[in-house]
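**Student:** coordinates only, sequence not included:
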């Protein structure tokens, strides 16, 4: 069961992966697959991950939001 959440740069990566089908592919694209083995996934935000990987958090958020909208047929 998925729960709708508003995805922001402050969203916890693990929560986003659980709530948005396909979000793990976006996280892997921007941050690599190491996130999925890291216990920090349940406490670290998209902004934190973006900082650690020298990425713009808004690019990650935008791509996940677009994915969520497409999944909901919006």
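**Tutor:** Everything's here; your move. Computed from a prediction, not measured in an experiment: that's the story for all the values here.

**Student:** From the rest of the structure, what touches whichever helix in the chain runs longest?
**Tutor:** The helix that spans the most residues within the chain, counting by DSSP state H, is helix 57-71. Residues from elsewhere that reach helix 57-71 (C-beta atoms under 8 Å, 6 or more residues apart in numbering): 7-9, 11, 16, 20-23, 26-27, 29-30, 46-47, 49-51. C-betas here are computed from N, CA, C, even on glycine.

**Student:** Quick one: mean pLDDT over it.
**Tutor:** Across helix 57-71, pLDDT averages out at 91.

**Student:** distance between that helix and the chain's centre?
**Tutor:** 8 Å (C-alpha atoms, centre = their mean, to the nearest Å).

**Student:** Which of the contacts of helix 57-71 are buried, as a ChimeraX select command?
**Tutor:** Per 16 or more other C-beta atoms under 10 Å, the buried members of these correspond to this ChimeraX selection:
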select :7,9,11,16,20,23,26,27,30,46,47,49,50
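
**Student:** since we're on residue 69, how many residues are nearby?
**Tutor:** Other residues lying near residue 69 total 11 when counted by other C-beta atoms under 10 Å.

**Student:** Could you do residue 36 as well?
**Tutor:** 14.
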